[in-house]
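>>> attaching a predicted model along with its sequence, questions to come.
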Amino acid sequence: MTTQTTPYQFFSSKTALKYIIPAGLAFFIIATVIQDYTQTYLQNSAFYISESLLFSSYWLLFLPLLVLLLKFSKEKKSTTVKLSFTLLAILVHLITYPALVWALSKAFYYHTFAYWQTFTFGLSAYFIKTIIIYGFSIPAYILWQHKYRPAIVEEETGKQTHIDYIYISDNANRKTVLETKDILYFSASSPYINVYHLSKKYLYTETLRSLEASLNDRQFVRIHKSHIVNLSKIISIQSRQNGDYDVTLSDGTVLRVSRNYAKNFKLKFAEQYRLTSK
């Protein structure tokens, strides 16, 4: 029986990325050579594939510059900073391209192409393309990260990045194993955490912050500085008209969603609803 790979599985594979970028560059280089040949054929002039490949080096510059641009944009959250990096990448590309053509032609060709001659050609032939490619690279990368990155992280680690069980110790040092999917919510009760399970309430010796980092963020979400709730246990949401919300859990418990956490909560709740309704 043959297993078919879905588009999601393909694009979420880290290995696939090693082929997508080189394949894209190869496609544009080949397309440029074909375009040059077609133009010379229609104009009844001579076609030199070596020169066509030389001027196609424009596409090769995208590899290092796009990698650097996406790396910097990932580290910087400000839209202004990202725009500045994008404009800088465009400028560097347009300046470096004629220098690359000059260096390659001087080293390997009989004729050396002058810098300013190639710079003028680059502006007329590639200026709009350069702006479009760099301009759309960051939004496309953000979209890819949002849609496929979680699957790649799991593929890279080879294991789950969240816990499915927690171990509770009572006064007699007896261990109780609780499945996180059966927990309604957690609340801070320094120096402990109250664990509200379907069966009863437990005390857990952990901080809410460290526990939050261990939980599945698709299932659990922080709604208040003192509460983390299981999204699958929410049965209703009620706005307080002041930026806060009330959520009702399956056992009838009503918890407040602080306005500081409301935006993230609504995003996670909408995602949970979308996944479970499929």
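Cool, the structure landed.

>>> just the endpoints, please. Distance across stretch 186-196?
6 Å (Cα to Cα, to the nearest Å).

>>> run through who's touching it.
166, 168, 178, 183-185, 201-208, 211, 220, 225-229, 251, 253 (Cβ atoms under 8 Å, 6 or more residues apart in numbering). Any C-beta I mention is one placed from the backbone N, CA and C, and that applies to glycine too.

>>> buried among those? Make that a PyMOL selection.
Restricted to buried positions by 16 or more other Cβ atoms under 10 Å, the PyMOL selection for these reads:
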select buried, resi 166+178+183+184+185+202+204+206+208+211+220+226+227+228+229
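
>>> next step: the contacts of stretch 186-196 restricted to helices.
Leu208, Leu211 (DSSP state H).

>>> low-confidence stretches in the stretch 1-150 of the chain?
1-19, 21, 74-77, 142-150 (pLDDT under 70).

>>> how about the helices of it, start to end?
7-11, 14-42, 49-55, 57-60, 62-75, 79-108, 115-157 (DSSP state H, counting those that start in this stretch).

>>> as CSV, the ones you listed with mean neighbour count and distance to Asn260 would be great.
Shown next, in CSV, are the helices of the stretch 1-150 of the chain (neighbours: other Cβ atoms under 10 Å; distance: least, Cβ to Cβ, whole Å):
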stretch, mean neighbour count, distance to Asn260
helix 7-11, 12, 34
helix 14-42, 13, 35
helix 49-55, 15, 55
helix 57-60, 18, 46
helix 62-75, 16, 25
helix 79-108, 16, 22
helix 115-157, 14, 23
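
>>> quick one: closest of those to Asn173.
In terms of Cβ to Cβ, the element of the helices of the stretch 1-150 of the chain nearest to Asn173 is helix 115-157, at 32.6 Å.

>>> just the CA trace of stretch 99-111, in CSV.
Taking C-alpha atoms only, stretch 99-111 is exported to CSV below (Å, rounded to 0.1, in the frame of the first residue of the first chain):
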residue,chain,number,x,y,z
ALA,A,99,29.9,44.6,-9.4
LEU,A,100,29.4,40.8,-9.6
VAL,A,101,28.9,40.9,-13.4
TRP,A,102,32.1,43.1,-13.7
ALA,A,103,34.1,40.7,-11.5
LEU,A,104,33.0,37.5,-13.3
SER,A,105,33.5,39.0,-16.8
LYS,A,106,36.9,40.2,-15.9
ALA,A,107,37.9,36.8,-14.5
PHE,A,108,36.4,34.5,-17.1
TYR,A,109,35.3,36.4,-20.2
TYR,A,110,37.2,38.1,-23.0
HIS,A,111,35.2,41.2,-22.6
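
>>> need the contact partners of that stretch.
In contact with stretch 99-111 (Cβ under 8 Å, 6+ apart) are residues Ser50, Glu51, Leu54, Phe55, Ser57, Leu61, Thr112, Phe113, Ala114, Tyr115, Thr118.

>>> reformat these as TSV; add distance to Lys129.
Below are the contacts of stretch 99-111 laid out as TSV (distance: Cβ to Cβ, whole Å):
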residue	distance to Lys129
Ser50	23
Glu51	19
Leu54	18
Phe55	13
Ser57	14
Leu61	12
Thr112	25
Phe113	20
Ala114	22
Tyr115	20
Thr118	16
